[in-house]
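> for reference, the sequence and a predicted model appear below.
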Amino acid sequence: AKAQTGRGLFQQFVDMAVLRKGPGRIRPEAYFKYRLYTPGLPMERKLRFVDEWARPRFYSFDDRRFYAIGTDKLLFYTMMRAWKLPAPRVLAVIHPWRVFAGAASLRDSNAIRAFFAQRGNDPFFIKRVDDIRGRGAALVRCVDAAAGIVSLGSGETVPLDDFVARHSGTRDGGFVVQELARPHPDVAAVIGDRLATVRVMTFAHEGTFKVKA
């Protein structure tokens, strides 16, 4: 941070001490993640940032049961389908017992391997059922079953057996396999073959909804 902006170490430590005791409970990790060391950024604005350690204060007026809608992918996509909102099609569910209408149910490593091999050159996206941070998610460009290789969106290749073991239904609450979503051609012409996303937080109060800036 000092090399990039010239902001001294003592100034950074003072910032972090103030922000750690502030309403947002900012940790050093978040301080650097949000680039709160940026010169010209007033402390008043820095204090508006919120870290995960501040969650208990939110839970005092928030119903935590509703977080299941966001953390449970199968529940979320079921609701999206019920509301007739667009979402990438679920191709398969890797889980010991859970299912999703119209999707393949993969219960063991043999079924997982066979499904991956069948995809061949058809790309897909795989992610955990019950996570909101993208951990364990992967974009698969193609699967060469004969060579035992999986080609990922990052350009990396991994052994098929390792990829199957990493995404078994007994780990991390299972996985969702989806069709690959692509940007509109006009957008792709500007940013390439990748998705640009925005997360919007809203507050409900007395029958009205407000977007939190």
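Thanks, I have the structure now.
> tell me what the lengthiest strand in the chain is packed against?
In the chain, taking DSSP state E as the definition, the longest strand is strand 138-144. If you count contacts as 3 or more Cβ pairs under 8 Å, 6 or more residues apart in numbering; DSSP states H and E, strand 138-144 packs onto helix 109-119, strand 124-128, strand 149-152. Any C-beta I mention is one placed from the backbone N, CA and C, and that applies to glycine too.
> pipe these into TSV and attach distance to residue 184 and mean neighbour count per row.
Supplementary listing: the helices and strands packed on strand 138-144 in TSV, determined by distance: least, Cβ to Cβ, whole Å; neighbours: other Cβ atoms under 10 Å:
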stretch	distance to residue 184	mean neighbour count
helix 109-119	24	16
strand 124-128	18	19
strand 149-152	24	18
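> closest one to residue 204 among those?
Each of those was scored for nearness to residue 204 using Cβ to Cβ, and the closest is strand 124-128 (27.5 Å).
> now do that closest one: which elements does it pack against?
Applying 3+ Cβ pairs under 8 Å, 6+ apart, one finds that strand 124-128 makes contact with strand 138-144, strand 175-179.
> and the longest strand of the chain, average pLDDT?
Taken as a whole, strand 138-144 carries a mean pLDDT of 96.
> same check, this time on stretch 38-45
Mean pLDDT, taken over the full extent of stretch 38-45, equals 92.
> same question for stretch 180-194.
The average of the pLDDT scores along stretch 180-194 is 91.
> centroid-wise, who is the farthest residue in this protein?
residue 10 (34.4 Å; Cα atoms, centre = their mean).
> touching the host helix or strand of it from outside, list them.
Here residue 10 sits within helix 9-21, counting by DSSP states H and E. Under the criterion Cβ atoms under 8 Å, 6 or more residues apart in numbering, residues 1, 2, 26, 27, 28, 31, 36, 37, 43, 46, 47, 49 lie in contact with helix 9-21.
> burial of residue 74, as a residue count?
As a burial measure, residue 74 scores 19 neighbours (other Cβ atoms under 10 Å).
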